[in-house]
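[1] Return atomic coordinates for the entry below.
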Amino acid sequence: MSATKQVTLSALPLTAEQMKAMPGFSLTDPYAVVAYAVAALCAYPKDKEACYAMLDVLKGPAPLSPMDKQFIRDRFMDGKDYLPFSYFAGATPDNNYAPAQPYTVNLIEQSNSRDQENLITLYAVSGGADSPRPVTLRGKPSTGEWFLWSYEGLLAGIRTPKASDPWA
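    Here you go, the predicted model:
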């Protein structure tokens with residue numbers, strides 16, 4: 001059995017400070033952490049350092065490594081700036097991943113999502129993928145906070161937007 005939850009953001013943060021000040025931002029809500037990870041990745045094309053700073057907040061005690069930064073950089077190569085926007089409701093290849101506003105991320109928790117102690121795997125729905133993408137968070141019992149542990153699924157390939165698809 002699975003449950004779906006929506007997290008809605010009124011705007012996309014441009015800095016880590018903005019992100020932390022947004023209504024709904026909470027490291028104690030694993031769903032919010034995933035939604036803000038999507039929002040942080042949306043900042044990459046305009047300001048990669050701001051993206052990294054936001055992800056570092058969401059990663060808590062384990063900030064991005066140089067390898068993590070290279071992985072993110074590689075996923076945005078070849079003009080794939082649209083990739084993180086595909087996780088917002090209404091964003092599809094047909095509308096070139098232009099999301100509806102406010103920005104809403106649909107997340108799925110499966111029956112086995114909490115099978116490992118202090119870990120939860122949520123699945124983010126993308127308008128450009130056939131199946132939801134996994135994001136694993138690690139809990140910090142002393143504070144009740146959740147932090148990004150494995151987010152690479154958010155950067156897996158999706159269908160090309162119609163405007164960029166020579167076969168459309």
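
[2] Next one: the nearest residue to Gly153 once chain neighbours are set aside, what pLDDT does it get?
    Spatial nearest neighbour of Gly153, chain neighbours left out: Arg133 (3.8 Å); criterion: C-beta to C-beta, 6 or more residues apart in numbering. Backbone N, C-alpha and C define where each C-beta goes, glycine included. On pLDDT, Arg133 comes in at 98.

[3] same deal with Leu55?
    Turning to Leu55, the model gives it a pLDDT of 98.

[4] on that earlier part again, what separation do you get for the residue nearest to Gly153 and Thr160?
    17 Å (C-beta to C-beta, to the nearest Å).

[5] between these two, which one's more packed in?
    Applying other C-beta atoms under 10 Å to Arg133 and Thr160 shows that Arg133 carries more neighbours, namely 20 against 16.

[6] which residues does the more buried one bridge with?
    Bridge pairing for Arg133 (DSSP bridges) gives the partners Ala124.

[7] now stretch 107-124, how far from the centre of its chain.
    Mean-position distance between stretch 107-124 and its chain equals 15 Å (C-alpha atoms, centre = their mean, to the nearest Å).

[8] actually stretch 11-24, not the one I wrote
    The answer for stretch 11-24 is 14 Å, by C-alpha atoms, centre = their mean.

[9] quick one: the most centrally placed residue in the chain from Arg159, how far?
    In the chain, the residue lying closest to the centroid (C-alpha atoms, centre = their mean) is Val38, at 2.5 Å. For Val38, the distance to Arg159 (C-beta to C-beta) stands at 17 Å.

[10] Repeat that for Ser10.
    Separation of Ser10 from Arg159 (C-beta to C-beta): 28 Å.

[11] try Ala32
    27 Å.

[12] of the two, who's got more company?
    Ala32 (21 against 17).

[13] Does that one touch Met22 like I think?
    No. With contacts counted by C-beta atoms under 8 Å, Ala32 stays clear of Met22, the gap being 9.5 Å.

[14] In the protein, what helix or strand scores lowest on average pLDDT?
    For the chain, the helix or strand with the lowest mean confidence is strand 2-9, at a mean of 95 (criterion: mean pLDDT, DSSP states H and E).
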